[in-house]
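K.L.:
got a sequence here, can you build the structure:
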Amino acid sequence: MAQDELGFIWIGTTYGLCRFDGRRFEVFTPKTHGLQNKPIGMVYSDGQHGLVIAYQSSFYDNQVTYENLDVLDIRTLQVKPLDVYYHNMAFGRDQIHNLHVDQNNRLKGFFVTPYDYY
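P.N.:
Model (predicted):
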């Protein structure tokens, strides 16, 4: 669960992503917004306009994977692969080993294999 810069609360579920505006939920699915067809394991605000989405490896495994992260632009509601959204990354999204987040679930950086940090 994460809160974006516009104040919306985002919750990852088995079948998609839910956005709560304080009164109602709006559901984002693979069919409606281009999410991957995998359960969402974690969501993180980037502190600007991106919501980083980490998926579980399968419907039967609770393991969160970081090699195929997506980013939802909270202004346009479009989902793009991490390396397309952040097009100036010094590494490929398949090299991400883990994420560094703060106590508010905001993304602070990437741990890249083998031991680099960005």
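K.L.:
first-to-last residue distance for stretch 73-82?
P.N.:
In stretch 73-82, first residue to last residue: 11 Å (CA to CA, to the nearest Å).
K.L.:
buried residues in it?
P.N.:
Within stretch 73-82, the residues that count as buried by 16 or more other CB atoms under 10 Å are Ile74, Val79, Lys80, Leu82. (C-beta placed from N, C-alpha, C; glycine too.)
K.L.:
okay if I get those residues as TSV plus secondary structure and pLDDT?
P.N.:
Below are these laid out as TSV (DSSP: H, G, I helix; E, B strand; the rest coil; pLDDT from 0 to 100):
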residue	secondary structure	pLDDT
Ile74	coil	96
Val79	strand	96
Lys80	strand	95
Leu82	helix	91
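K.L.:
from these, pick the one nearest Leu51.
P.N.:
Among the buried residues of stretch 73-82, Ile74 lies closest to Leu51 (CB to CB), at 5.8 Å.
K.L.:
that closest one against Ala2, yeah?
P.N.:
No. In this structure, Ile74 is not within contact of Ala2 by CB atoms under 8 Å, at 10.4 Å.
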